[in-house]
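Student: return a 3D structure for these sequence lines:
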Amino acid sequence: MKLPRLVLFLATTLVFSSFGPPAKAEFSYIYPVSGCKTTFPWYHHDYPAADIKARLGCAFVAPTGGVVQDVSKKDRWSGKTNLGQDRGGLSVSIIGDDGVRYYGSHLSKVEVGIESGVRVETGQKLGEIGSVLGYVGAGGSMLAVPAFIYIFGLTPVAATTASLIVVFVGAASGALPKLRRNEILIKEALVIWAIGLTTNLTGAYFLPQIPEKVVLTGFALVLVTAGLSMLIPGPSQSTERKVSPIALIVISLVIGALTGLFGIGGGFLAIPILILFYNVAPARAAGTSLFIIMINTLTGFFAHFRHWDEVNWLIPSIIALIALIVSRYASHHSSRLSPVILKRSFAYFVFAIALFTLLETWVVT
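Tutor: Next up, the predicted model:
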């Protein structure tokens, strides 16, 4: 007879399977997520379980006393192998005193001292909940272009050139730590970058010849698309859904064009490609997307060399520094807010910027 299992997906995963006698009344138990509000449905695909959703950074605690069985402190999952033992990413499993195995996966952090064979007590912190959100890949740096145009008075061409540095700094600050943790797929990122290189360089070359109203209108439409992608549920890692090679080429070319023409990285397109075509785990997709944005914007920056003298580089340097500080602060305090609310709020803010851009372009001027 199948024994029940409880799965915390998107946040953490608990799987219960029998390793001994059934639980007795003298065993103490606690809810596996501490200090955070959670929700979960009463159903699950493929096997009896429930997906418990909680905020990024919430504490994953031992539901009962026991001994640590296995600990994984590195995300080794790959779509090429798709090994079952690698699917949990950062994870901890314990054998409870009741003889039941408790397994927590998709963590963002494993607590120091949690190793195989270590004794843990009920409620002891084992790690912090991770996130497979971030499918959108759209960051606040995409708002650098309208800021340069409407606040600092740059032309669209100069604003696009200046924005590339801001986006590069933001992407690099997020990508480099992930690179050290081996959370970036270099080969896949270089394939997407190489395909989009043609449109990246072409867009940068022809940008000065395109009417400003066309550039601004196109940028507003990109903002709308990015905002919609935040409101639409992201793709899930699956072996059944794949992007065709033709679609891969087309989307990669679009990503290159977005960088060359508008000075943004196109992460909201890169992440779905990685998940659906390469079957990359969402956590690695987010890191790989940052790397793609980083090398894309660096390439675009050098492709805009003709416009370097049109920019007072003190302004984008200060904005890049502020964006870096704010992103670091936000990454350490994001667990206080719901990721869903954050994404929705940012999407509506992006819509407002897009509407303002269109009004300034076609009505006010």
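Student: how about the helices in the stretch 1-150 of the chain?
Tutor: Under the criterion DSSP state H, counting those that start in this stretch, the stretch 1-150 of the chain contains helices at 144-150.
Student: quick one: low-confidence ranges for it?
Tutor: Within the stretch 1-150 of the chain, the segments meeting pLDDT under 70 span 1-25, 41-51, 54-57, 75-85, 87, 130-141.
Student: for the stretch 151-300 of the chain, which spans come out with low pLDDT?
Tutor: Low-confidence segments of the stretch 151-300 of the chain (pLDDT under 70): 233-243, 281-283.
Student: if we use 50, what do you get?
Tutor: The model of the stretch 151-300 of the chain has pLDDT under 50 over residues 238-240.
Student: ranges for the helices of it?
Tutor: According to DSSP H, counting those that start in this stretch, the helices that the stretch 151-300 of the chain contains are 156-180, 186-206, 212-231, 245-262, 267-276, 282-303.
Student: angle of the fourth one against helix 267-276?
Tutor: Relative orientation of helix 245-262 with respect to helix 267-276: 160 degrees, computed using axes from the mean of the first three to the mean of the last three Cα atoms, to 10 degrees.
Student: so for helix 245-262, what gets flagged as buried?
Tutor: Leu248, Ile251, Ser252, Leu253, Ile255, Gly256, Ala257, Leu258, Thr259, Gly260, Leu261, Phe262 (16 or more other Cβ atoms under 10 Å). In short, each C-beta sits where N, CA and C put it, glycine included.
Student: the second one reaches Leu274, doesn't it?
Tutor: This points to Ile251. No - look at Ile251 against Leu274 with Cβ atoms under 8 Å: they stay out of range, at 10.7 Å.
Student: hmm, back to that, need the helices of the stretch 151-300 of the chain in CSV (columns: distance to Gly66).
Tutor: What follows is those, written out as CSV (distance: least, Cβ to Cβ, whole Å):
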stretch, distance to Gly66
helix 156-180, 32
helix 186-206, 39
helix 212-231, 40
helix 245-262, 46
helix 267-276, 35
helix 282-303, 27
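Student: please name whichever of those is nearest to Gly99.
Tutor: For Gly99, the closest of the helices of the stretch 151-300 of the chain is helix 282-303, at 31.7 Å, according to Cβ to Cβ.
Student: so what does that closest one touch, helix or strand wise?
Tutor: In terms of contacts (3 or more Cβ pairs under 8 Å, 6 or more residues apart in numbering; DSSP states H and E), helix 282-303 is packed against helix 156-180, helix 186-206, helix 245-262, helix 267-276.
Student: ranking the ones you listed by burial, who's on top?
Tutor: Counting by mean count of other Cβ atoms under 10 Å, helix 267-276 has the highest mean neighbour count of the helices and strands packed on helix 282-303, with a mean of 25.
Student: helices or strands up against that helix?
Tutor: Partner elements for helix 267-276 (3+ Cβ pairs under 8 Å, 6+ apart): helix 186-206, helix 212-231, helix 245-262, helix 282-303.
Student: so how many other residues sit close to the nearest residue to Lys343 once chain neighbours are set aside?
Tutor: Distances taken as Cβ to Cβ, 6 or more residues apart in numbering place Met230 nearest to Lys343, at 4.7 Å, with adjacent residues excluded. Met230: 22 surrounding residues under other Cβ atoms under 10 Å.
Student: how about Asp309?
Tutor: 9.
Student: need phi/psi at the nearest residue to Met142 once chain neighbours are set aside.
Tutor: Among residues not flanking Met142 along the chain, Ile264 sits closest, at 4.6 Å (Cβ to Cβ, 6+ apart). Main-chain dihedrals, Ile264, degrees, to the nearest 10: phi -120, psi 160.
Student: quick one: residues contacting Ile264.
Tutor: Ser141, Met142, Val145, Ser163, Val167, Val222, Leu258 (Cβ atoms under 8 Å, 6 or more residues apart in numbering).
Student: closest one to Glu188 out of those residues, please.
Tutor: Once Cβ to Cβ is applied, the member of those that ends up nearest Glu188 is Leu258, at 18.6 Å.
Student: with adjacent residues omitted, what lies nearest to the closest one?
Tutor: Closest to Leu258 by Cβ to Cβ, 6+ apart is Gly266, at 4.2 Å.
Student: the one you found reaches Gly260, doesn't it?
Tutor: No - with contact defined as Cβ under 8 Å, Gly266 does not count as touching Gly260 (10.4 Å).
Student: picking up where we left off before, make JSON lines out of the helices and strands packed on helix 267-276 and add distance to Asp86.
Tutor: Supplementary listing: the helices and strands packed on helix 267-276 in JSON lines, determined by distance: least, Cβ to Cβ, whole Å:
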{"stretch": "helix 186-206", "distance to Asp86": "17"}
{"stretch": "helix 212-231", "distance to Asp86": "28"}
{"stretch": "helix 245-262", "distance to Asp86": "24"}
{"stretch": "helix 282-303", "distance to Asp86": "11"}
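Student: tell me which of those helices sits nearest to Asp97.
Tutor: helix 282-303 (31.9 Å).
Student: now do that closest one: distance to the chain's middle.
Tutor: Computed by Cα atoms, centre = their mean, to the nearest Å, the chain-centroid distance of helix 282-303 equals 12 Å.
Student: could you check the angle it makes with helix 186-206?
Tutor: Going by the same axes, to 10 degrees, helix 282-303 makes 30 degrees with helix 186-206.
Student: mind listing what's buried in helix 282-303?
Tutor: For helix 282-303, by 16+ other Cβ under 10 Å, it's 282-301, 303.
Student: good, we can wrap up now.
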